[in-house]
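Q: Pasting the sequence and the predicted coordinates here, then a few questions.
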Amino acid sequence: MEIIYPPLVEQAYQMMKKLNNNLSKQEIYKKLIKINMIDQHGNPTKWALDNGLVTKASTIEEARSKLNQIKPQEIEDQADADLKNVFSRMPKSAFNYLNDNDEYAMDSKELKRAIQSALKDGSLSRAGRIKWQKVLKDIKRQEQNND
């Protein structure tokens, strides 16, 4: 029996395939619900529409056209820009050279400050905000575990 997924799930799946991610449609469906992009019926949530995360397309062809305009390189470039944005807010002293394998460590307090600053001024992309909020949560969790 083949499961038919809603159009937004199919679109997200196609985009993820372009990025070479090995996610199943079911995983994408669950993730879109979890991040409040769609409801359980596959319809965009009011929040997703209000925040411009989803736009209504009048036809499947229009939706495909919009999806095909997204280029993986642009997504990668934006991720690089977000990384540079956060790291540029940190003093050079926050980066410590560890060994001959070009491994570095960074000061988690400085990283935390830099992330908070970038989140506060809104200079990160939507995807960057989500990723850096997760990093911030991980840092806070580690701080709590160390106390």
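A: Right, received. Where do you want to start? The model shown is predicted, which means the values in this text are computed figures rather than measured ones.
Q: what comes up buried for stretch 24-40?
A: Lys25, Ile28, Tyr29, Leu32, Ile33, Met37, Ile38 (16 or more other CB atoms under 10 Å). All C-beta atoms are positioned from the backbone trio N, CA, C, and that covers glycine.
Q: from the residues you listed, which single one is nearest Met1?
A: The nearest member of the buried residues of stretch 24-40 to Met1, counting by CB to CB, is Lys25 at 14.0 Å.
Q: follow-up on the earlier one: so which of the buried residues of stretch 24-40 are in helices?
A: Residues of the buried residues of stretch 24-40 located in helices (DSSP state H): Lys25, Ile28, Tyr29, Leu32, Ile33.
Q: if we can go back for a sec, among the buried residues of stretch 24-40, which one lies nearest to Pro44?
A: Ile38 (5.9 Å).
Q: In the protein, mark out all the helices, start to finish.
A: Under DSSP H, the chain gives helices at 7-18, 25-34, 46-50, 60-68, 72-87, 108-121, 126-146.
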